[in-house]
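> Quick one, fold the following:
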Amino acid sequence: ESARPAPNDPGVRYFAAGAEHDVGEISLGPGETLYIEEGAVVHGCVTLTEAHGARIGGRGILDGSRFSHEGDARKQMIKIIESENVTVEGVTVVNGPNWHIVPIACTDTEIRDVNVITFTGTGDGIDVTGSDRTSISGCFIRSNDDCIAVKAVDYMHPAGCRNVSGVHVRECVFWNASWGNALEIGYETRCDEISDVVFEDSDIIHAEFEGYSSGGTFTIHNGDHATVRDVTYRNIRVEDAQEKLIDLKVQHSRYSKDPERGQVQGIRFENIAIVDGRFPPSIIQGFDANHKVTDVQITNLTYMGKPVADALDARMVVELASEVRIR
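Sure, this is the predicted structure:
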């Protein structure tokens, strides 16, 4: 742990080990700390609004199983709104009724050494929504929907339809079960630009079969008007991908609201190794001649140690896309 506060420090909400704490919804303000000691279970959720410099830490458990898992008012476990320099570190977040960690219109958010474990449908792990400079590292996420999703959408707050940039995900382990995708951008892209996103040095141990033709391992589903550009997937090992490996699309989906379609540009895959399981197909598909996927480079994609040489070798379908290179 980077810093363990004293239980009686001003501005600290401290939950001690050896007990279950039923707290409902906790609100954190600027500079405040929520600390869940190892061996403590907190039944509740946390909301941070304009909580610049706030911190959530500890090695305890934040549990959402006592909230209603039905209807439109389902809670997000850690919701961070219009805040700067917030850190979430060390905690294990389980059984929330909806998305688990959600920075919305935030800047300089750091999420590190966090576990998210959920069996809830729509139980996304971390949803970076309309935010800049988000760092996610050293996390384990077992979700029943998207493990990581990068979005611009106003579901939880109107400020969420903001441009997204500077997302860096590294040294994590992902298990995507049933619904959704392992590493997703979309479907809701209701902004002008989503850019400078890096996923690297991570392991995808499962991306299970969804069965709705939308699930995948590395996915960009651009369902609104944004230009999604400069996205890199680097040094990632895949053990079990049961639906699609790469799924890059400009599309109109059931989640789309914008009348105009967007673009996908400048996507890089470097040193992607499928080390076990089947070799799934991939799809790269634009919407029409004016809304395409362009400039996709795949370098050193391997299956069981053997290089993948071309689109046929990669079991890849390419439509309404250009400058797709495998080498």
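
> how close does residue 133 get to residue 207?
27 Å (Cβ to Cβ, to the nearest Å). Bear in mind the C-beta positions are built from the backbone N, C-alpha and C, glycine included.

> Hmm, I typed the wrong one, I wanted residue 245.
From residue 245 across to residue 207, the span is 9 Å (Cβ to Cβ).

> Ok, residue 199 next?
For residue 199, the distance to residue 207 - Cβ to Cβ - is 13 Å.

> who's more crowded, those two?
residue 207 (30 against 26; other Cβ atoms under 10 Å).

> thought that one was touching residue 242?
Yes - at 6.4 Å, residue 207 counts as touching residue 242 under the criterion of Cβ atoms under 8 Å.

> From the contact counts, what lies against the strand or helix carrying residue 295?
If you go by DSSP states H and E, residue 295 is part of strand 293-303. Under the contact definition 3 or more Cβ pairs under 8 Å, 6 or more residues apart in numbering; DSSP states H and E, strand 293-303 sits against strand 246-250, strand 263-274, strand 282-285, strand 321-326.

> So which of those strands is nearest residue 175?
strand 263-274 (16.0 Å; Cβ to Cβ).

> Residues in contact with that closest one: which ones?
218, 220, 222, 227-238, 241, 245-246, 248-250, 286, 291-305 (Cβ atoms under 8 Å, 6 or more residues apart in numbering).

> Spatially central residue for this structure, please.
residue 148 (1.5 Å; Cα atoms, centre = their mean).

> Identify the bridge partners of that one.
residue 126, residue 183 (DSSP bridges).

> can you check residue 89 too?
Bridge pairing for residue 89 - DSSP bridges - gives residue 112.

> ditto for residue 231
residue 197, residue 267.

> Run a quick neighbour tally on it.
25.

> I'd assumed residue 197 was in contact with it.
Yes - under the criterion of Cβ under 8 Å, residue 231 makes contact with residue 197 at 4.6 Å.

> Can you work out which residues contact both of the two?
residue 185.

> Low-confidence stretches in the stretch 101-250 of the chain?
Judged by pLDDT under 70, the stretch 101-250 of the chain has no weakly predicted residues.

> any chance you could map the helices in the stretch 101-250 of the chain?
Under the criterion DSSP state H, counting those that start in this stretch, the stretch 101-250 of the chain carries no helices.

> hang on, the earlier thing: and the strand holding residue 295, which strands flank it?
Next to strand 293-303 in the sheet, as set by DSSP bridges, lie strand 263-274 (parallel), strand 306-307 (antiparallel), strand 321-326 (parallel).

> now the second one, how far from the chain's geometric center?
Distance of strand 306-307 from the chain centroid (Cα atoms, centre = their mean, to the nearest Å) equals 29 Å.

> Mind checking what helix or strand follows it in sequence?
Counting by DSSP H and E, what follows strand 306-307 is strand 316-319.

> Check which helices and strands that following strand sits against.
strand 282-285.

> strand partners of the strand it packs on, parallel vs antiparallel please.
strand 246-250 (parallel), strand 316-319 (parallel).

> Would you mind writing the CA trace of it as PDB?
The C-alpha coordinates for strand 282-285 follow below in PDB (Å, rounded to 0.1, in the frame of the first residue of the first chain):
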ATOM      1  CA  SER A 282     -11.800 -11.400 -36.500                       C
ATOM      2  CA  ILE A 283     -13.900  -8.700 -38.300                       C
ATOM      3  CA  ILE A 284     -12.800  -5.200 -39.400                       C
ATOM      4  CA  GLN A 285     -15.800  -3.400 -40.800                       C
END
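
> quick one: it to chain centroid distance?
Taking mean C-alpha positions (Cα atoms, centre = their mean), strand 282-285 and its chain are 21 Å apart.
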